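> give me a 3D structure for the following:
(one chain, ligands or ions: 1)
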Amino acid sequence: MQRSCDLNVEKGIAESFSPETSLALWQKMCEVRYFEQGAVDAIKAGEINYQVYLSSGQEAAAASFSLCINKYQVFAQHRAHDIFLTFGAPPEMLRDELRGLPSGCSRGRAGSNCLQYHENGMHMYGHHGLIAENVPLGVGAALGNNKQTLCIFGDGSAEEDYVSPSLGFAATHKLPVLFVCMDNNYSILTKTEVRRSWNMNEVAKSYGLPAVDIADDPWTVLKHTRELSTQLPAFINIRVCRGYWHAGVGIDGTLEWDRFNMVKHELNELGLADKAAKIETSVCKKMEQIWAKEILLKPLEKQLEDI
Ligand SMILES: Cc1ncc(C[n+]2csc(CCOP(=O)(O)OP(=O)(O)O)c2C)c(N)n1
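Model (predicted):
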């Protein structure tokens, strides 16, 4: 199926959700976008010297998951700031992880691509370096504890040879796993059409999993996630556009589509422009405080004393 911003998006779907839900989705999207804006500025100013994997551009899907499957145990991949923030982990812990401080979510020893958080009912297991390793690990955990499990991986990771058998194993043993492929069409710099001729949705269906292939419209993601979460194991392929390079703060060029602004436009159409603007301003302010210069420039010894 062709990539497009409206792939399997029903016209007018946003209207079928309450204003509260639409604004909650927007709030979560803003949290990721403005947190990462602060990170980008800090990187450009030389205040972060570790590698970062940014979620901006792709944040709508995580916002949707956070409203309906936020109690799942999560096995995330390397690009997971969006899940960490939208599921409710403290942004300060992510900021400090990116800065290599002991107050980071992995005590500053893992960095952007290995986020962990196990408090306040949230269970997020981080990545260890091998892409898609989180898929068999998540399936194994679901086999062991029978908890609802979210395994997220990219379209490049989907090609690792342990992914398909994991889907098959989950199907055979009827494990409560939601598999999500965040399909941004790139494995580092190589587009999907160059890498493979097959489609992950067809692979999932061949194992008997209910599966959908959709664009990252957050209302569409929310609708399908709610439906499929009652039919686990299941698979969702979500077409997204990354806002930055694979790693770091460079950009590939013009975005195929700009979901953040599309959602803002949709909120205007729903008559929610004022409320959405208020949310955006307040999240932006909060994130500016989190990334304030006086915090970043405080001498390291003082920062460690404060922890
Ligand atoms: C097993 C393994 N093979 C290769 C790599 C190198 N590698 C790191 S990220 C990446 C691309 C991942 O692409 P995708 O899964 O689509 O996620 P995205 O970065 O696009 O979000 C590759 C090939 C690795 N870390 N592990």
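
> how about residue 235, secondary structure?
In terms of secondary structure, residue 235 is strand; the call rests on DSSP: H, G, I helix; E, B strand; the rest coil.

> hang on, it packs against residue 211?
Yes. Under the criterion of CB atoms under 8 Å, residue 235 makes contact with residue 211 at 4.1 Å. The way it works is simple: take the backbone N, C-alpha and C, and place the C-beta from them, glycine included.

> strands of this structure, residue ranges please.
73-75, 123-125, 149-154, 177-183, 186-187, 190-191, 211-215, 234-239 (DSSP state E).

> tell me the strands beside the fourth one, with direction?
Strand 177-183 has the following sheet partners, assigned by DSSP bridges: strand 149-154 (parallel), strand 234-239 (parallel).

> do you know how far residue 31 is from residue 120?
According to CB to CB, to the nearest Å, residue 31 and residue 120 sit 16 Å apart.

> what about these two, which has more around it?
Taking neighbours as other CB atoms under 10 Å, residue 31 and residue 120 compare with residue 31 leading, 24 against 9.

> which residue is the nearest non-sequential neighbour of that one?
Nearest residue to residue 31, sequence neighbours excluded (CB to CB, 6 or more residues apart in numbering): residue 85, at 5.2 Å.

> can you name the residues that contact the one you found?
28, 31, 32, 35, 62, 91, 94 (CB atoms under 8 Å, 6 or more residues apart in numbering).

> export the strands paired with strand 177-183 to TSV and tack on distance to the ligand?
Below are the strands paired with strand 177-183 laid out as TSV (distance: least, CB to the nearest ligand atom, whole Å):
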stretch	distance to the ligand
strand 149-154	2
strand 234-239	12
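
> using JSON lines, lay out those together with mean pLDDT and mean neighbour count.
Shown next, in JSON lines, are those (pLDDT from 0 to 100; neighbours: other CB atoms under 10 Å):
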{"stretch": "strand 149-154", "mean pLDDT": "98", "mean neighbour count": "28"}
{"stretch": "strand 234-239", "mean pLDDT": "98", "mean neighbour count": "26"}
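
> tally of neighbours for residue 91?
20.

> still on that earlier bit, could you check how far the residue nearest to residue 31 is from residue 12?
For residue 85, the distance to residue 12 - CB to CB - is 29 Å.

> for residue 198, same thing?
Between residue 198 and residue 12 the computed distance is 33 Å (CB to CB).

> what does residue 156 give?
Residue 156 is 34 Å from residue 12, where distance means CB to CB.

> more neighbours, the two?
residue 156 (22 against 10).

> relative to the ligand, how far out is that one?
Distance, residue 156 to the ligand, using CB to the nearest ligand atom, to the nearest Å: 3 Å.

> residues in contact with that residue?
For residue 156, counting by CB under 8 Å, 6+ apart, the contacting residues are 131, 186, 187, 188, 190, 195.

> closest one to residue 245 among the strands paired with strand 177-183?
strand 149-154 (13.8 Å; CB to CB).

> which residues sit against the closest one?
Residues contacting strand 149-154 (CB under 8 Å, 6+ apart): 65, 69, 72-77, 79-80, 83, 131-132, 134-135, 138-139, 141-142, 163, 166, 175-184, 187.

> identify the residues contacting the nearest residue to residue 152 once chain neighbours are set aside.
Take residue 152 and drop its neighbours on the chain: the residue closest to it by CB to CB, 6+ apart is residue 180, 4.7 Å away. When contacts are counted by CB under 8 Å, 6+ apart, residue 180 touches 61, 65, 150, 151, 152, 153, 235, 236, 238.

> which of those lies closest to residue 223?
Residue 223 lies nearest to residue 236 out of those, by CB to CB, at 11.0 Å.

> distance of the closest residue to the closest one other than its chain neighbours relative to the ligand?
Excluding its sequence neighbours, the residue lying closest to residue 236 (CB to CB, 6+ apart) is residue 180, at 5.0 Å. Separation of residue 180 from the ligand (CB to the nearest ligand atom) stands at 12 Å.

> for residue 178, give me its contacts.
69, 72, 148-151, 225, 228-229, 232-236.

> show me what it bridges to in the sheet.
Going by DSSP bridges, residue 178 forms beta bridges with residue 150, residue 234.

> let's have the chain start at 32 instead
Happy to do that; since the first residue is 32 now, the last one works out to residue 209.
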